[in-house]
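>>> test case, fold it:
(2 chains)
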Amino acid sequence: MATVSENLDEAPLVFPEGVPVVEFKNVSIRFEQHHVLDDISFRVQHGETRIILGPAGCGKSTLLKMANGLLEPDSGEISIFGKPLAGMSEREVFAMRAHVGMVFQESALFDSLTVEDNVAYRLHEEGVGPDEAHVRVVEALRFVELEKAIDKFPSELSGGMRRRVSIARAIISHPDLILYDSPTGGLDPITSTTIIELVVKQRDVSNTTSLLITHRLQDAFTLATHRWSAANNGMEKIPDGELDPNTKFLVLNNKRVVFDGTTRELTHSEDPWLKAYLE
Amino acid sequence: MRLVSPEAYAKSVVASVQEYSLLAGQAIANIFSKPRYIADTFTQMDSIGVGSLPIVVLTGFFTGCVLALQAAVSLKEFGAVAMTGRLVALSMVKELGPVLTGLMVSGRNASGMASELGSMKVSEQIDAMRALGTDPIRKLVTPRIVATVFMLFFLTIISDACGTGGGWVIAVTLLKLNGSAFFHTAYMSLEYGDVVEGLVKPIFSGFIIATIGCYYGLKTSGGTRGVGKATTQAVVVSSVLIILTDFLVTQLMIGIFGR
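So this is what the prediction gives:
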């Protein structure tokens, strides 16, 4: 049995070894008459980082929201931590979300709250005392190197800083699964690299399972080719052209999964559309 | 402009009523289970109640003034100017106090709720709240309903008092009536059923303002333009429903109390 992290209110999340953290089985969803995703199936194992690629509007964000129960599929089955979402009561869905961190495309910080209150939001909801919450907020903000912004409001922060606060908010409760919805979208290349470095750090330091959407292929391949170096306190290239074994890809196009596999399989794919997309 | 078929329109109306009913039902059910957001409820009480005080006081006062002036003109023809206090008090307590306060608070707060929740919806803050394990109906809607119903009740009483006071000021200063007689006729004219009628109406109005404001806020789509549209719809629908409910409650109270 794999025991994964702790939550203050919930018992430690325990689920059988080998059971995927996220599993989609023939999932389809449509909005009004428009099919967004059709017959999507894939699995994400514990400790894996699954990068979701695809052209704009192909349903990547919809897929991520379904993984967190924010949207319900029209057909098919989604299981999180081995439990089907469809069979969960509302209370069970909220309890499940206590184990999932999510970074939204536009950060989605609560603009009426300070950075500290935003990051501590989940802790406040769980009834954690103010002193302990403050210590954990500082720890999470130190992880994203934003301790100095603790008293600021989201409107006072740059896009990159907001994204980093969003990451701090997602990781503060040590989730077992992190969903990143375009964490580098709309950011300049330097800030994007900083964000990707944080994702690599979270992946390698905490070994957290994650799903990450990105439009930037260079970010995706940085994740696959780099690792966190505690000695250098930064990201470094994995030597000898090796790849991170736990980083895999899922490519969507035209409502369907067109690729599900490792980095090497992706780069060696003979599929003409994939080759064109990667060029 | 795109034309919508009558069938599609009817379906969308029925679906909206269903969504609204589910939201309102869930928000009420949340009152009876934990967690309860007491601090948020008090914050809303301050925003809705204390924040609306100036417009409610001013509206009530000047409505009472106008009522006294208009009443005096008509009553003079029958030589019954002394009955001005009775007319002002009855009109304010039974009808104008509850309805005008409801409409004023609707204009200020149904729009505020729709725009605040609408902005949160389009910037994914509602989704973020759900993703962080919080039920947005419990956190955002229930405190607003409790706060609006509770505060509108007291705002209506304040409006009634200010309206009667406004009528008294006009009666004494312009109509040269006896101030004590004004209050005496006002007091004597009110019966138990009148006061109950005047205090039942804000309970319904408060519920309508909060639920309609939150409903349109939470179903906002289409960016900032959608927020503007939701705000307008919230005010229009809540105002119409307040007047409609006023009519129904009046009819019910006449049936119960016979006046």
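>>> for chain B, which residues are neighbours of chain A?
Taking CB under 8 Å from any CB of the partner chain as the contact definition, chain B meets chain A at B:35, B:120, B:123-125, B:127-135. Where C-beta positions appear, they are placed from N, C-alpha and C, glycine not excepted.
>>> and the helices in chain B, which stretches?
In chain B, the helices defined using DSSP state H lie at B:6-31, B:38-45, B:51-77, B:84-91, B:97-105, B:111-122, B:125-131, B:136, B:142-173, B:179-189, B:192-218, B:223-257.
>>> name the element A:V36 belongs to?
A:V36 is part of strand A:34-44 when elements are defined by DSSP states H and E.
>>> any weak-confidence spans in chain B?
Along chain B, the model assigns pLDDT under 70 to residues B:1.
>>> what average pLDDT does the host helix or strand of A:M102 get?
Assigned by DSSP H and E, A:M102 belongs to strand A:100-103. Strand A:100-103 shows a mean pLDDT of 94.
>>> partners of the residue nearest the centre of chain A in the sheet?
Nearest to the geometric centre of chain A sits A:L179, at 2.2 Å (CA atoms, centre = their mean). Assessed by DSSP bridges, A:L179 has beta-bridge partners A:M102, A:L211.
>>> ok, now which ones touch it?
Counting by CB atoms under 8 Å, 6 or more residues apart in numbering or on different chains, A:L179 touches A:64, A:67-68, A:100-103, A:210-211.
>>> contacting residues around the residue nearest to B:I158 when sequence neighbours are not counted?
Once flanking residues are discounted, B:I158 sits nearest to B:V56: 6.0 Å by CB to CB, 6 or more residues apart in numbering or on different chains. Applying CB under 8 Å, 6+ apart to B:V56 gives the contacts B:101, B:104-105, B:155, B:158-159, B:162.
>>> mind checking how far B:V56 is from chain A?
As judged by CB to the nearest CB, to the nearest Å, B:V56 and chain A stand 25 Å apart.
>>> same thing with B:G222?
Distance from B:G222 to chain A, counting by CB to the nearest CB: 14 Å.
>>> thought B:V196 was touching B:L252?
No - with contact defined as CB atoms under 8 Å, B:V196 does not count as touching B:L252 (10.8 Å).
>>> what about the residue nearest to A:E125 when sequence neighbours are not counted, how many residues nearby?
Nearest residue to A:E125 in three dimensions, chain neighbours excluded: B:T134, at 5.7 Å (CB to CB, 6+ apart). Applying other CB atoms under 10 Å in any protein chain shown, we find 21 residues neighbouring B:T134.
>>> isn't B:T134 up against A:H124?
No - taking contacts as CB under 8 Å, B:T134 lies outside contact range of A:H124: 9.8 Å.
>>> check contacts around the closest residue to chain B within the stretch 151-279 of chain A.
Per CB to the nearest CB, A:R169 is where the stretch 151-279 of chain A lies closest to chain B, at 7.6 Å. For A:R169, the contacting residues are A:101, A:109, A:118-119, A:121-122, A:140, B:132, by CB under 8 Å, 6+ apart.
>>> now do the SS call for it.
Of the three states, A:R169 takes helix under DSSP: H, G, I helix; E, B strand; the rest coil.
>>> show the pLDDT at it.
94.
>>> name the stretch among the helices of chain B that sits most buried.
helix B:97-105 (a mean of 26; mean count of other CB atoms under 10 Å in any protein chain shown).
>>> from the contacts of A:R169, which land in strands?
Under the assignment DSSP state E, those contribute A:G101 to strands.
>>> near the nearest residue to B:G51 once chain neighbours are set aside, how many other residues are there?
Once flanking residues are discounted, B:G51 sits nearest to B:R108: 7.4 Å by CB to CB, 6+ apart. Other residues near B:R108 come to 18 when the count uses other CB under 10 Å.
>>> likewise A:S75?
12.
>>> got phi/psi on A:M235?
With angles defined as degrees, to the nearest 10, A:M235 sits at phi -90, psi 140.
>>> and it, what pLDDT?
91.
>>> do A:P16 as well
On the pLDDT scale, A:P16 gets 68.
>>> equivalent analysis for A:E125, please.
Note for A:E125: predicted pLDDT of 88.
>>> would you map the helices across chain A?
For chain A, the helices defined by DSSP H cover A:60-67, A:90-97, A:115-119, A:121-125, A:130-143, A:159-171, A:189-206, A:217-225, A:263-267, A:272-278.
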